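**Q** got a structure for you, letters missing:
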């Protein structure tokens, strides 16, 4: 294993033989981060769907002659946050 050094991932403790430890990303940690992000995104979408059901997007589109009522995931998260703050401050 020329030009390689043994590298221990500080996060998970796995050992790898690597050529450049500065450019190396632990595949175990990368997969774990991606899985965690997927679950966080899924939970946000699930929670948002229930609160967003109270918004009449069809009516908004009709009132403003919009051709579509699309909303991005980041806009969904922001709208969810605003509605949650609104509920919290008015309890």
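**A** Received, thanks. None of these values were measured; they are calculated from a predicted model.
**Q** my guess is residue 14 meets residue 25, correct?
**A** No - applying C-beta atoms under 8 Å, one finds residue 14 not in contact with residue 25, separated by 11.9 Å. (Each C-beta comes from the backbone N, C-alpha and C, glycine too.)
**Q** show me where this protein has its strands.
**A** Along the chain, the segments classed as strands by DSSP state E run 5-8, 15-18.
**Q** given the first one, what are its sheet partners and their directions?
**A** Taking DSSP bridges as the criterion, strand 5-8 forms sheet pairs with strand 15-18 (antiparallel).
**Q** buried ones in the strand it pairs with?
**A** Neighbour-count burial for strand 15-18 flags residue 18 (criterion: 16 or more other C-beta atoms under 10 Å).
**Q** picking that back up, as CSV, the strands of the chain with mean pLDDT would be great.
**A** Converted to CSV, those look like this (pLDDT from 0 to 100):
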stretch, mean pLDDT
strand 5-8, 86
strand 15-18, 85
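**Q** for residue 60, find the nearest of those strands.
**A** Comparing those by their distance to residue 60 (C-beta to C-beta), the top pick is strand 15-18, with 52.2 Å.
**Q** so what touches the closest one?
**A** 1, 4, 5, 6, 7, 8, 9, 24, 26 (C-beta atoms under 8 Å, 6 or more residues apart in numbering).
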